[in-house]
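Trainee: here is the input, now give the coordinates:
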Amino acid sequence: MRTNKKLRIFTWHVHGNYLYYLSQVPHTFYLPVDEARSPGYTGRAGALPWGANVVELPLEQIPDTEFDCILFQSRAHYEEDQHRILSDAQQRLPRIFLEHDTPQRHPTDTRHPVYDPAVLLVHVTPFNALMWDNGIVPVRVIDHGVIVPRDVRYDGSLPRGIAVVNHLARRGRRLGADVFDAARAEVALDLVGMASEANGGLGEIPNPELPAFLSRYRFYFHPVRWTSLGLAALEAMMIGMPVVGLATTELVSVIRNGESGYIDTDLRRLVECMKQLIDDPVEAARLGAGARREALRRFGIGRFVDDWMRVFAEATG
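Mentor: Alright, predicted model coming up:
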């Protein structure tokens with residue numbers, strides 16, 4: 001089920017890249033902004049090429065604006081902010097909660113904070129949906145969809161690997177800070193992302209420039225133990241870059257050993273795979289071609305848009 005009606009969707013700016021990909025859906029997305037441009041209220045922030053269907057809305061205008069659907073993307077916005085900034089009538093509109101992450105407190109026994117069968121809960125990977133205790137809430141899964149510039153393709157001429165992790169020092173073991181450090185001691189590896197300088201990284205690369213920046217590296221390294229499926233890894237695959245990473249969470253269903261990269265729970269074996277790719281650019285290119293085929297098959301933006309069109313139609317009835 002999908003509708004051709006152009007919906008008015010109110011949501012918050014939580015994950016910039018995801019929001020940009022979501023805005024490829026042909027509805028209008030209203031983003032709240034406050035004077036401080038505080039987290040969640042940054043509107044059309046960053047270097048992404050936002051379309052005209054992404055509209056900033058000052059807080060004082062929100063109660064008088066008509067929406068068709070409220071899309072939550074964080075627990076704080078669902079439990080607190082909606083009661084502060086939305087009118088009573090707006091809080092009774094069709095509601096969707098987009099869960100971006102794996103459960104944090106316990107991997108299997110964490111009840112999702114949404115416990116209302118009138119809310120549609122959307123997970124971004126099947127693994128996340130499996131691990132959360134979703135209770136009585138109806139659940140849908142929408143795999144990521146990504147876009148890369150048409151003129152950017154894997155080059156791989158730089159015999160180094162690269163990882164993209166934001167705030168790795170702060171997020172520590174969960175995002176694999178120790179894994180990255182251990183691998184970097186044996187293999188030529190670079191790190192980019194917000195505050196990556198704290199781990200000896202190169203800093204943040206603007207989102208639109210990231211695929212071209214990655215393309216020079218021999219492989220993409222995903223050191224993450226426990227989080228959702230990273231968009232940067234999928235963007236790397238989409239340009240034809242092989243991925244080496246821990247065999248955890250949804251990455252297990254994405255990377256096939258010897259076809260699109262290598263995954264393992266033994267870091268020693270991963271280090272050996274990375275060394276082989278550094279020594280063999282032809283093999284790296286072969287695996288990268290396999291990674292691109294899988295990305296095109298599973299993470300194309302057209303399928304992503306169609307999935308969201310169906311979910312918005314279902315939620316709004």
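Trainee: what is the burial count for Arg153?
Mentor: 17 (other Cβ atoms under 10 Å). (C-beta placed from N, C-alpha, C; glycine too.)
Trainee: the longest helix in this protein is where?
Mentor: helix 281-298 (DSSP state H).
Trainee: which elements pack onto it?
Mentor: Using 3 or more Cβ pairs under 8 Å, 6 or more residues apart in numbering; DSSP states H and E, the elements in contact with helix 281-298 are strand 217-222, helix 231-238, strand 261-264, helix 267-279.
Trainee: quick one: which of these is nearest Leu22?
Mentor: Among these, helix 231-238 comes nearest to Leu22, with 11.6 Å by Cβ to Cβ.
Trainee: what angle do the closest one and helix 281-298 make?
Mentor: 110 degrees (axes from the mean of the first three to the mean of the last three Cα atoms, to 10 degrees).
Trainee: just to revisit the earlier point, so how far is the longest helix of the chain off the chain centroid?
Mentor: Relative to its chain's centre, helix 281-298 lies at 20 Å (Cα atoms, centre = their mean, to the nearest Å).
Trainee: deepest-packed of the helices and strands packed on helix 281-298, please.
Mentor: Most buried of these, by mean neighbour count (mean count of other Cβ atoms under 10 Å): strand 217-222, with a mean of 28.
Trainee: now do the domain split for this structure, please.
Mentor: Domain segmentation of the chain under automatic domain parsing yields 8-144+300-316, 158-298.
Trainee: now do the first one, average pLDDT.
Mentor: For domain 8-144+300-316, the mean per-residue pLDDT is 97.
Trainee: gap between it and the chain center?
Mentor: Per Cα atoms, centre = their mean, the centroid offset for domain 8-144+300-316 relative to its chain is 13 Å.
Trainee: over to stretch 234-245?
Mentor: Between the mean C-alpha location of stretch 234-245 and the chain-wide mean there is a distance of 14 Å, by Cα atoms, centre = their mean.
Trainee: hey, where'd the strands end up in this protein?
Mentor: 8-11, 28-33, 54-58, 69-72, 95-99, 119-123, 139-141, 158-164, 189-192, 217-222, 243-246, 261-264 (DSSP state E).
Trainee: what's the last one in contact with?
Mentor: Which is strand 261-264. Strand 261-264 has contacts (Cβ atoms under 8 Å, 6 or more residues apart in numbering) with 219-220, 242-247, 251-252, 255, 257, 269-270, 273, 287, 290-291.
Trainee: re the thing from before, a markdown table for the domains of the chain, including distance to Arg150?
Mentor: Output for those, formatted as a markdown table (distance: least, Cβ to Cβ, whole Å):
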| stretch | distance to Arg150 |
| --- | --- |
| domain 8-144+300-316 | 12 |
| domain 158-298 | 10 |
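Trainee: before I go, just wanted to say thanks for your time.
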